[in-house]
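Q: What follows is a predicted structure for the sequence shown.
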Amino acid sequence: MHVKQVRWSEESGWSEAPGRWEAEGAHVAFVFGAGRLLRRVELMDELRARSPRALLFGCSTAGEILGDEVRDETLAVSFVTFAHTCVAMHSVGVGPGISCRVAGAELGHAIHTEGLRHVIVLSDGMMVNGSELVRGLRMTLPEGTVVTGGLAGDGDRFGETLVLAGERVESGQAVALALYGERLRVGCGSMGGWDQFGPERRITRAEGNVLYELDGRSALALYREYLGEQAAELPASGLLFPLAIRAEEDAQPLVRTILRVNEETQSLTFAGDIPEGWYARLMRANFDRLVDGAVGAARAGVADGVETELALLISCVGRKLILGQRVEEEVEAVREVVGAGAAMTGFYSYGELAPFKTGARCELHNQTMTITTLGEV
């Protein structure tokens, strides 16, 4: 596997002169960046001209990871040329009037499964119930198929998110990159690092990914009570106070973050399902544990006995807001685990798709660092 990485910014243009990064043999170009840059036709045309065979696969972000750096308002591009791996890409529409479960099932049906090793999925981050999208994928992909990926971001603006799938840069779509080959080795891991606080409450009224009541009280009113002055900044401030949900006492909790607030219905819309009858508890950041969580995800994600050649990091925008100027510390912590020789890329997202560990089934996470490692033998 060979990986060539370049970055584009308004200030500096391309990090290398285009003549130095011809990538004619590349199979995939991972492209993560600001939505306004993904819509720049001349930039996308230049990528296609430099890598005519590559599948352009990416999305808008809340921050771009390339190497050990985290930047905003750039394009982070990784051209990947595999030695022993084949790739295919499929997309499907998501959004109003479209069942996310049906969309996920349709995406799963489109993927040829013979020799399938791994699936990476990127989706619009505003028009999707990520839990239902994952559920549809699990319904149609063969049991044991590992899926990782994430939901596109738009900084802390929550306006429009975009997905790049070949020739199309659009909102309202999900795209899957299918990887094939016996010599491809994949690892994945996901961890958080948030502290729970306050009483655990039962979810007494919810529908899909919309939460109305906790213990019979307005969920929005409870959030405002806990957030105090920061409640005026919802939904953005909700990124700092995610919700841990679990079905029963001993269950592994899932983390959910707020996407929208509805004043009329006094409800909160989350990136994934909030099942009625489950238990919920607010969370807040612990700086050191966030970085430790990134290390744990990296350790879980490194494939045994295989050198990591490419690490795909998808972390939540809420973590980035908490870490602030020290955000690169979690990326540097991952570097120490995957090794100096690994290429690293990724983005800050509105939701993360990954198993808790290699071999488990895919779930939608929020406020986690998820890592997918690729290597060929």
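A: Looks like it arrived, so ask away.
Q: Then Ala49 would be within a helix, right?
A: Yes. Counting by DSSP: H, G, I helix; E, B strand; the rest coil, Ala49 is found in a helix.
Q: quick one, what contacts it?
A: For Ala49, the contact set (CB atoms under 8 Å, 6 or more residues apart in numbering) is empty. All C-beta atoms are positioned from the backbone trio N, CA, C, and that covers glycine.
Q: can you check Asn129 too?
A: Residues in contact with Asn129 (CB under 8 Å, 6+ apart) are Cys100, Gly208, Asn209, Ala271, Gly272, Asp273.
Q: What helix or strand is the closest residue to Ala105 other than its chain neighbours located in?
A: Closest residue in space to Ala105, ignoring its immediate chain neighbours: Gly136 at 3.9 Å, by CB to CB, 6 or more residues apart in numbering. Under the criterion of DSSP states H and E, Gly136 resides in helix 130-140.
Q: got the buried residues for that helix?
A: Applying a neighbour-count criterion of 16 or more other CB atoms under 10 Å, one finds Gly130, Ser131, Glu132, Leu133, Val134, Arg135, Gly136, Leu137, Arg138, Thr140 buried in helix 130-140.
Q: would JSON lines of the residues you listed with distance to Ala152 and pLDDT be doable?
A: Output for those, formatted as JSON lines (distance: CB to CB, whole Å; pLDDT from 0 to 100):
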{"residue": "Gly130", "distance to Ala152": "11", "pLDDT": "91"}
{"residue": "Ser131", "distance to Ala152": "16", "pLDDT": "90"}
{"residue": "Glu132", "distance to Ala152": "17", "pLDDT": "93"}
{"residue": "Leu133", "distance to Ala152": "12", "pLDDT": "95"}
{"residue": "Val134", "distance to Ala152": "15", "pLDDT": "94"}
{"residue": "Arg135", "distance to Ala152": "19", "pLDDT": "93"}
{"residue": "Gly136", "distance to Ala152": "18", "pLDDT": "96"}
{"residue": "Leu137", "distance to Ala152": "17", "pLDDT": "96"}
{"residue": "Arg138", "distance to Ala152": "21", "pLDDT": "94"}
{"residue": "Thr140", "distance to Ala152": "22", "pLDDT": "95"}
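Q: right, and out of those, which lies closest to Asp215?
A: Ser131 (22.5 Å; CB to CB).
Q: ok, back up a step: in contact with the residue nearest to Ala105, which residues?
A: Here Gly136 is in contact with Ser99, Cys100, Arg101, Val102, Ala103, Gly104, Ala105, Glu106, Leu107, Gly108 (CB under 8 Å, 6+ apart).
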